[in-house]
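Student: can you look at this prediction? I've put the sequence above it.
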Amino acid sequence: GQDALLTLASGKVQTRAAGQDITLRADDFDFTSGENQITGSGALVIWSTHDAIDYRIGSVAETAAGTDRSLEARDGTVQLGVRDLAAIGDDFLAVRIGHRFVGADNVGNRMVLGDIADDPVIKAVSVPRTFKAALRNPTEFLADTIVVQGDVQAPQDVITFSAHQAEVQAKNLHVPLGLDDSGVFAREVVFRLDEQLLNGGWIVGADLVDIKVSGSGGVRALLAPVDGEPVSVRSYVGSRIEALNTAGRIEIDTNQSIQIAGTVEVFGVGARADIRSAGRLTVLEGGLVAGRNDGNVLTLSAGTVLAVNPGGAVTAGARFDDVDGTPVAVQTGVDADAILNSAHELFIGGTVTTSAAMLLHSGLPLLDHADYFDALALVDADHPLIGHSRYGILLTGTLTTLAANAELKLASPADVIIRGNIKVFEIGRAHV
């Protein structure tokens, strides 16, 4: 019946033949016979018997004192705690946990993930424990909405989140007033979402972060449309999306707008970040897209309008040092490029800095900007741009190339309006 509990109190669950799968179905699970007691070389599938079931995975399936919630009254939720995850061996081809469901009332099921890490501390009371609970197989989590409220780790493996929408919160569920302590770290982190991703914590892949949001339409979204456009990806100040290793990659691909107020950064030599929106792409105030090492390439592409707002930055092969209260660009890597492509307007109100090529391209204008140009009359009643309404590229911030012979190119079939600064150090080439 509803809320049936499957308990492994002793012994093992394992396959007799190589490559065979294990499927466990119940509305709650309690694996108490020890670590590595569920083993096999095929796939392990864990999901509920009934459809209208939520999931709590890791430390969120425990009370603040560390007691497994499976021992409490049944509440229509699979409680798969850190002890249960430690029971899963490391020899599976793949592990699949959860399912996606939307009821007739248009309400979907929900999965919340807390701390999933080795030697997990009971954080509310600072009590250490010694067992292996980090994910040790390629693991996919499925639900209509997935929320991360803890430290989820799979250092040697791939984590995939498949959902209508997902949110990585900044705070840990059990320490809501503490420092930011919530995010995902794996060799590869993959999001496959229909509607939306919100990131307030960290999404870190040693080799790869791959985010695809394919069907944003403002339907059952955590964040409502902004200026009439659905939001596919929104990162908040203090959040991080990172790839750590040599030749690492960050790939973000959406069908609607991307709004970046946190950090998107690659660290290894030859690493790349490719951020593509079929709608708007905006680096907001406080937002940073960066790669400071040799050979880093940062590519931002928008299907409508691309904007680096005042206080936003795109930085390739460089950092900024404070010199007498003034930020000064310093080269940190060679041959690091920034490429910004917009199908329509490209606005640079912040900074774009490179140690090699900087290529800025726009198409024909989409919007009317008469209000911006008419407002210039408040500063200069005779300003020559008063009455203007459209542009291809508008620069009010600063473009900087640091290396000798670096190319800086601004290309547009429409007006290129420069009201900011272009700095080409050493011997460089600037083309407008």
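Tutor: Looks like it came in fine.
Student: excluding chain neighbours, what is closest to residue 277?
Tutor: residue 258 (4.4 Å; C-beta to C-beta, 6 or more residues apart in numbering). Every residue, glycine included, has its C-beta placed from N, CA and C.
Student: looks to me like that neighbour is in a helix.
Tutor: No: under the criterion used here (DSSP: H, G, I helix; E, B strand; the rest coil), residue 258 is strand, not part of a helix.
Student: what's across from it in the sheet?
Tutor: Residue 258 forms beta bridges with residue 233, residue 281, as assigned by DSSP bridges.
Student: distance of it from residue 239?
Tutor: Between residue 258 and residue 239 the distance is 13 Å, computed by C-beta to C-beta, to the nearest Å.
Student: pull the contacting residues for residue 190.
Tutor: Contact analysis of residue 190 by C-beta atoms under 8 Å, 6 or more residues apart in numbering lists 158, 159, 160, 161, 208, 210, 211.
Student: which of those residues fall in strands?
Tutor: 158, 159, 160, 161, 208, 210, 211 (DSSP state E).
Student: count the residues that sit near the second one.
Tutor: By the other C-beta atoms under 10 Å criterion, the neighbourhood of residue 159 contains 24 residues.
Student: and the residue nearest to it when sequence neighbours are not counted, what element?
Tutor: Nearest non-adjacent residue to residue 159, counting by C-beta to C-beta, 6+ apart: residue 186, 4.4 Å away. Secondary structure assigned from DSSP states H and E places residue 186 in strand 183-199.
Student: tabulate the CA atom coordinates of that strand in PDB.
Tutor: Included here for strand 183-199 are C-alpha records, laid out as PDB according to Å, rounded to 0.1, in the frame of the first residue of the first chain:
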ATOM      1  CA  GLY A 183      26.100  23.100  -4.000                       C
ATOM      2  CA  VAL A 184      27.200  20.300  -6.300                       C
ATOM      3  CA  PHE A 185      30.700  19.000  -7.000                       C
ATOM      4  CA  ALA A 186      31.500  16.100  -9.300                       C
ATOM      5  CA  ARG A 187      33.900  15.100 -12.100                       C
ATOM      6  CA  GLU A 188      31.000  16.100 -14.400                       C
ATOM      7  CA  VAL A 189      27.800  17.900 -13.500                       C
ATOM      8  CA  VAL A 190      25.000  17.700 -16.000                       C
ATOM      9  CA  PHE A 191      21.600  19.500 -15.800                       C
ATOM     10  CA  ARG A 192      18.900  18.400 -18.300                       C
ATOM     11  CA  LEU A 193      15.900  20.700 -17.600                       C
ATOM     12  CA  ASP A 194      12.700  21.800 -19.300                       C
ATOM     13  CA  GLU A 195      12.000  25.100 -17.700                       C
ATOM     14  CA  GLN A 196      14.600  26.700 -15.400                       C
ATOM     15  CA  LEU A 197      17.700  26.600 -13.300                       C
ATOM     16  CA  LEU A 198      18.300  28.900 -10.400                       C
ATOM     17  CA  ASN A 199      21.800  28.900  -8.800                       C
END
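Student: could I get the average pLDDT for it?
Tutor: If you average the pLDDT over strand 183-199, you get 98.
Student: roughly how far out does it sit from the chain middle?
Tutor: Here strand 183-199 is found 5 Å from its chain centre; the criterion is C-alpha atoms, centre = their mean, to the nearest Å.
Student: hey, which helix or strand in this structure has the poorest pLDDT?
Tutor: Lowest by mean pLDDT, DSSP states H and E among the helices and strands of the chain is strand 429-431, with a mean of 58.
Student: quick one: the residue nearest to residue 277 and residue 305, what's the gap?
Tutor: Taken as C-beta to C-beta, the span from residue 258 to residue 305 is 11 Å.
Student: repeat for residue 406
Tutor: 26 Å.
Student: can you give me the strands in the stretch 101-250 of the chain?
Tutor: 110-113, 139-142, 145-148, 151-168, 183-199, 202-213, 231-235, 240-243, 249-254 (DSSP state E, counting those that start in this stretch).
Student: what would those strands look like in JSON lines with distance to residue 50?
Tutor: Compiled in JSON lines, the strands of the stretch 101-250 of the chain are given as follows (distance: least, C-beta to C-beta, whole Å):
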{"stretch": "strand 110-113", "distance to residue 50": "15"}
{"stretch": "strand 139-142", "distance to residue 50": "15"}
{"stretch": "strand 145-148", "distance to residue 50": "18"}
{"stretch": "strand 151-168", "distance to residue 50": "19"}
{"stretch": "strand 183-199", "distance to residue 50": "23"}
{"stretch": "strand 202-213", "distance to residue 50": "29"}
{"stretch": "strand 231-235", "distance to residue 50": "31"}
{"stretch": "strand 240-243", "distance to residue 50": "35"}
{"stretch": "strand 249-254", "distance to residue 50": "33"}
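Student: any idea which of these is most buried?
Tutor: Mean neighbour count, computed with mean count of other C-beta atoms under 10 Å, is highest for strand 231-235 among the strands of the stretch 101-250 of the chain, reaching a mean of 27.
Student: who are the packing partners of it?
Tutor: With contacts taken as 3 or more C-beta pairs under 8 Å, 6 or more residues apart in numbering; DSSP states H and E, strand 231-235 sits against strand 183-199, strand 202-213, strand 249-254, strand 257-260.
Student: output these as TSV; include the columns distance to residue 43.
Tutor: Formatted as TSV, the helices and strands packed on strand 231-235 follow (distance: least, C-beta to C-beta, whole Å):
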stretch	distance to residue 43
strand 183-199	17
strand 202-213	21
strand 249-254	26
strand 257-260	33
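Student: closest one to residue 334 among these?
Tutor: Among the helices and strands packed on strand 231-235, strand 249-254 comes nearest to residue 334, with 19.7 Å by C-beta to C-beta.
Student: now the closest one against strand 183-199, angle please.
Tutor: In terms of direction (axes from the mean of the first three to the mean of the last three C-alpha atoms, to 10 degrees), strand 249-254 departs from strand 183-199 by 30 degrees.
Student: mind listing what strand 249-254 pairs with, with the direction of each?
Tutor: Assessed with DSSP bridges, strand 249-254 is paired to strand 202-213 (parallel), strand 272-277 (parallel).
Student: residues in contact with it?
Tutor: So strand 249-254 is contacted by 205, 207-214, 216, 232-233, 241-243, 258, 264, 266, 271-279 (C-beta under 8 Å, 6+ apart).
Student: repeat the analysis, applying 7 Å as the threshold.
Tutor: 208-213, 216, 232-233, 241, 243, 258, 264, 266, 271-278 (C-beta atoms under 7 Å, 6 or more residues apart in numbering).
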